[in-house]
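Visitor: pasting the sequence and the predicted coordinates here, then a few questions.
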Amino acid sequence: MSFRPLSAVVMAAGEGTRMRSERPKPLHVLCGRPMLLHVIDALSELPLERVVVVVGHGAERVVKTLQDLGPPELVIDHVEQHVQRGTGDAASVALTAFPDDDIDDGDIVVLPGDTPLLRPETLALLVQEHRLADAAATVLTAVVPHPTGYGRIVRDKDDRVRAIVEEADANAAEKAIDEVNTSIYCFRRSLLAPALRRLSPENAQGEYYLSDVIGVLHDAGYPVISLIAEDGGETVGVNDRNQLATAEGALRARTNERWMRLGVTMLDPARTYIDIDVTIEPDVTLFPGTMLHGHTVVGRGARIGPDVRLIDCVVGHDASIEQTVGQDAEVGTGAIVGPFAMLRPGSHVPDGARTGAFYTADGADD
């Protein structure tokens, strides 16, 4: 398998009207991090030369979030889709970010900005299968018990992917198919641009579908393959508040499992809330109702909870905190805080101190 340059395009231009929010959909938060950044994190195992994010609704806020919080090791550019005319049009807009004289036979991963549960391992396998097969396009698919609303994967007589038919355009036989499109692809870049130029908006939505590129490439005789996701749940998109809460729960469970495997005890994982950017050392015990947010750091052997909420705090080794709220505060080694304590921004509880009940610390306390 010869080396080819690899890039990625993340679609984040949609308005997300079903969220019923002034906040752009890609910026809704799960486990302390905007949804779009979870998607970009899923690209972490790929040897990417650049990432292009297609923005639209709330473009300025999305771009600023990428600039402030995006991973510094990735080259992230953005282009704006001023009028939302479908995913095919968004892909065409994304390709304008690549210089005209940058002609190569590289590959390009295209994925939506609303799939926060997608794992890096899945994308890495998608690219691997695409390159091993020397395919023109590889689509990540999922087999689901209730495919309503998804584009269906239609195969030819040789069981190769022939087309993707959107729900609104599907006939009865196609609607019965339970293998669906996840809107996650890997394309040969040199073939994607000409295929996009052959798309037509003559469909039920009156839009240019990126999924139609699969049929264009198949009909032109190029090899098109699929990879069925081992866990279809990780490919599910977030379109409303209910789906946001479901994704939050799944991501929180995944996060808690990782920390328990690293030596953290949780008496009730279902009632323990840990943001993605929190750091916890081994032999920490978390009691029910513990909420650790932002960049909170908890030292080895500490006991947190029950009913504690810490935001951007630092907790020393062997400290104990119960029924306390704290923000931008520091608790020293071996200190005992609570119950019913409040740690205001800038406050510090010294090593070995015992605050007692109903304690309030402000930034002037040492």
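Guide: The structure has been received and is ready for your questions. Bear in mind that the values here come from a model prediction, so they are computed numbers and not experimental data.

Visitor: all contacts plus neighbour counts: C-alpha atoms, from now on.
Guide: Fine.

Visitor: just the helices in the stretch 51-200 of the chain please.
Guide: 59-69, 87-95, 120-132, 172-175, 189-196 (DSSP state H, counting those that start in this stretch).

Visitor: the third one: which residues count as buried?
Guide: Within helix 120-132, the residues that qualify as buried by neighbour count (16 or more other Cα atoms under 10 Å) are 120, 122-127, 129-131.

Visitor: for the chain, what's the longest helix?
Guide: As assigned by DSSP state H, the longest helix anywhere in the chain is helix 241-261.

Visitor: mind giving me the packing neighbours of that helix?
Guide: Judged by 3 or more Cα pairs under 8 Å, 6 or more residues apart in numbering; DSSP states H and E, helix 241-261 is in contact with strand 29-30, strand 272-274.

Visitor: domain ranges for this protein?
Guide: 6-235, 262-361 (automatic domain parsing).

Visitor: for those domains, which has the smallest mean pLDDT value?
Guide: Sorting those by mean pLDDT places domain 6-235 lowest, at a mean of 93.

Visitor: what about the closest residue to Ile228 other than its chain neighbours, how many neighbours?
Guide: Nearest residue to Ile228, sequence neighbours excluded (Cα to Cα, 6 or more residues apart in numbering): Thr141, at 4.7 Å. Residues near Thr141, counting by other Cα atoms under 10 Å, number 23.

Visitor: mind checking how far Thr141 is from Leu74?
Guide: According to Cα to Cα, to the nearest Å, Thr141 and Leu74 sit 27 Å apart.

Visitor: residues touching the spatially closest residue to Val154 that is not a sequence neighbour, list them.
Guide: Leaving aside its chain neighbours, Val154 sits nearest to Ala163 (5.2 Å; criterion: Cα to Cα, 6+ apart). Shown in contact with Ala163 (Cα atoms under 8 Å, 6 or more residues apart in numbering): 153-155, 211-212, 214-215, 218.

Visitor: ok, now Gly338?
Guide: Each residue near Gly338 by Cα under 8 Å, 6+ apart is listed here: 321-324, 355-359.

Visitor: now the residues you listed as CSV including secondary structure, neighbour count and distance to Thr182?
Guide: Shown next, in CSV, are the contacts of Gly338 (DSSP: H, G, I helix; E, B strand; the rest coil; neighbours: other Cα atoms under 10 Å; distance: Cα to Cα, whole Å):
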residue, secondary structure, neighbour count, distance to Thr182
Ile321, strand, 27, 44
Glu322, coil, 22, 44
Gln323, coil, 20, 43
Thr324, strand, 24, 43
Thr355, coil, 18, 53
Gly356, coil, 13, 54
Ala357, coil, 15, 52
Phe358, coil, 13, 51
Tyr359, coil, 15, 51
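
Visitor: between those, which sits nearest Leu310?
Guide: Nearest to Leu310, judged by Cα to Cα, of those is Thr324 at 7.9 Å.

Visitor: just the buried members of the contacts of Ala163?
Guide: Taking 16+ other Cα under 10 Å as the criterion, what is buried in the contacts of Ala163 is 153-154, 211-212, 214-215, 218.

Visitor: list the beta-bridge partners for Ile76.
Guide: Counting by DSSP bridges, Ile76 forms beta bridges with Val51.

Visitor: and the gap between it and Val9?
Guide: 10 Å.

Visitor: any shared contact partners between the two?
Guide: Shared contacts of Ile76 and Val9, defined by Cα under 8 Å, 6+ apart, are found at 51-53.

Visitor: once you drop chain neighbours, what's closest to Ser183?
Guide: Leu111 (6.1 Å).

Visitor: shouldn't the one you found be in contact with Val9?
Guide: Yes - contact between Leu111 and Val9 holds when scored by Cα atoms under 8 Å: they sit 6.5 Å apart.

Visitor: quick check: Ala42 touching Asp114?
Guide: No - the pair Ala42 / Asp114 is not scored as a contact, 11.8 Å apart, by Cα under 8 Å.

Visitor: between those two, who's got more neighbours?
Guide: Taking other Cα under 10 Å, Ala42 and Asp114 do not tie; Asp114 has more neighbours (27 against 19).

Visitor: wait, the more buried one sits on Ile40?
Guide: No - counting by Cα under 8 Å, Asp114 does not reach Ile40; the two are 10.5 Å apart.

Visitor: that older thread, in strands, which of the buried ones among the contacts of Ala163 fall?
Guide: Taking DSSP state E as the definition of strands, the buried ones among the contacts of Ala163 contribute 153-154.

Visitor: got the CA positions of stretch 185-200 in CSV?
Guide: Provided in CSV are the C-alpha atoms of stretch 185-200 (Å, rounded to 0.1, in the frame of the first residue of the first chain):
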residue,chain,number,x,y,z
TYR,A,185,-16.6,8.6,3.5
CYS,A,186,-13.1,8.3,2.1
PHE,A,187,-12.6,9.4,-1.5
ARG,A,188,-9.8,9.5,-4.0
ARG,A,189,-9.4,13.3,-4.2
SER,A,190,-8.6,13.3,-7.9
LEU,A,191,-12.0,11.6,-8.6
LEU,A,192,-14.2,13.5,-6.1
ALA,A,193,-14.1,16.9,-7.8
PRO,A,194,-15.3,15.7,-11.3
ALA,A,195,-17.9,13.5,-9.7
LEU,A,196,-19.3,16.5,-7.7
ARG,A,197,-19.7,18.4,-11.0
ARG,A,198,-22.0,15.7,-12.2
LEU,A,199,-24.5,15.9,-9.4
SER,A,200,-28.0,17.2,-9.9
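
Visitor: thank you, goodbye.
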